[in-house]
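1. how does the following fold in three dimensions:
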Amino acid sequence: MSLGGLSPAQPATPEIQAIADQVKYQLEAKLNQAFNLFKAIEFRTQVVAGTNYFIKVQYAEDKYAHLRVFQGLSNDNLTLQGYQLNHTRTDPITYF
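-> Numbering: from 1, shown residues only. Sure thing, here's the model as predicted:
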């Protein structure tokens, strides 16, 4: 991985699920919609002045979202920086 580039996709870990869970309410607030299902499937990371997490999350039977979550160097605050809805399970996670 080059500096600032995205890591290879990896299966989601419990840590990544915890990150997704922490920003779930931010997505729900933006969309004015609640999600019963919110399961992290895979992720990629990008090291910047902190870390960008690109996480594929299943939110309905055949629907997946890609989330971009930022965590700064000096704190544990997680911010939902962007999202894309209506992906499939096989859609690759790319930078957005």
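
2. which residues in the chain form strands?
-> 10-11, 39-48, 50-60, 63-72, 78-87 (DSSP state E).

3. what about Glu42, how many neighbours?
-> For Glu42, the neighbour count with other Cβ atoms under 10 Å is 18. Backbone N, C-alpha and C define where each C-beta goes, glycine included.

4. thought it was touching Thr13?
-> No: when contacts are counted by Cβ atoms under 8 Å, Glu42 is not listed as touching Thr13 (9.9 Å).

5. does the residue nearest in space to the middle of the chain have any beta-bridge partners, and if so which?
-> By Cα atoms, centre = their mean, the chain has its centre lying nearest to Ile55, at 2.7 Å. Beta-bridge pairing of Ile55 under DSSP bridges involves Phe43, Leu67.

6. that one touches Gln71, doesn't it?
-> No: using Cβ under 8 Å, Ile55 makes no contact with Gln71, being 11.9 Å away.
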